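In: Take a look and give me a structure for this.
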Amino acid sequence: MKKLIVIDSCMRAESRTKLILDAAVAELSKRYEVEIIDVNSVGLPPLDKVTYVDQRENGNIPPLAVEIACKVATCDRLVVAAPFWDMSFPAILKSFFENISLFDITFTDNGTTCVGLCKCEKVLFITTRGMDIRTGAPLDQGSPYLTALSFLWGLGEVITVAATNMDYLSPEDLALRIEAAKKEAVEICKEF
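Out: Numbers count the residues shown, from 1 in each chain. Next comes the predicted model:
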């Protein structure tokens with residue numbers, strides 16, 4: 001069975017993003033061995049002078065970071081779920097990606113540029129945005145970051161499911177918007 005990694009950075013128990021993610025995972029579980037990594041529980045520290053310059057550049061990389069990087073590098077598909085925070089996604093997710101962006105695991109270089117080492121062919125990015133900001137708009141910095149990371153790591157196509165304007169809807173319209181995003185995600189997952 002093919003392997004799929006879910007990187008979940010939903011923060012709230014009542015997360016709207018998580019509702020969409022759960023629908024997607026239910027569909028994907030029919031065809032993939034699914035492993036969910038909750039970035040809020042992993043406990044990898046942010047990279048700073050000590051963790052990056054003093055430790056990482058001297059080969060002292062946390063074994064957990066290596067383990068997760070290897071899982072991501074070898075998975076067939078990747079799903080990232082994150083709410084829209086401050087025009088992108090939560091800082092913990094960026095820190096998580098920095099921790100597992102490891103030379104000779106997720107990428108290498110060929111002497112002139114970086115080359116991705118991941119075997120993944122598609123990434124599904126699931127997000128909910130409080131404001132009416134469309135994917136690809138200048139104010140959306142989450143989707144472009146994942147596209148750039150996909151280039152660095154060799155992850156393949158990034159597909160975004162984004163429910164927008166969530167903070168300004170009536171409860172009835174909010175429920176409809178979530179259901180529409182769940183349906184969109186499930187349809188994508190049938191061919192993912």
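
In: quick one, what contacts Gly154?
Out: Each residue near Gly154 by C-beta atoms under 8 Å, 6 or more residues apart in numbering is listed here: Phe107, Val115, Gly116, Leu117, Cys118, Lys119, Cys120. Quick note: C-beta positions are derived from backbone N, CA and C, even for glycine.

In: please redo it, this time with the cut-off set to 7 Å
Out: Val115, Gly116, Leu117, Cys118 (C-beta atoms under 7 Å, 6 or more residues apart in numbering).

In: Helix, strand, or coil at the last one?
Out: Spelled out, it's Cys118. Secondary structure assignment for Cys118 (DSSP: H, G, I helix; E, B strand; the rest coil): coil.

In: pLDDT score for Pro90?
Out: Looking at Pro90, its pLDDT is 96.

In: Count the neighbours of the nearest residue to it once chain neighbours are set aside for me.
Out: Closest residue to Pro90 apart from its sequence neighbours, by C-beta to C-beta, 6 or more residues apart in numbering: Ser9 at 5.3 Å. Summarising burial for Ser9: neighbours were counted as other C-beta atoms under 10 Å, giving 23.

In: does Ser9 really touch Ser41, like I thought?
Out: No: with contact defined as C-beta atoms under 7 Å, Ser9 does not count as touching Ser41 (10.5 Å).

In: Show me what counts as buried in the strand or helix carrying Ile159.
Out: Using DSSP states H and E, the element containing Ile159 is strand 157-163. Neighbour counts over strand 157-163 (16 or more other C-beta atoms under 10 Å) mark Val158, Ile159, Thr160, Val161, Ala162, Ala163 as buried.

In: Format the CA atom coordinates belonging to that strand as PDB.
Out: What follows is strand 157-163, C-alpha atoms only, in PDB (Å, rounded to 0.1, in the frame of the first residue of the first chain):
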ATOM      1  CA  GLU A 157       2.300  19.500  -7.700                       C
ATOM      2  CA  VAL A 158       0.800  21.500  -4.800                       C
ATOM      3  CA  ILE A 159      -3.000  21.500  -4.800                       C
ATOM      4  CA  THR A 160      -4.800  23.900  -2.400                       C
ATOM      5  CA  VAL A 161      -8.200  23.500  -0.900                       C
ATOM      6  CA  ALA A 162      -9.000  26.800   0.800                       C
ATOM      7  CA  ALA A 163     -12.300  27.900   2.500                       C
END
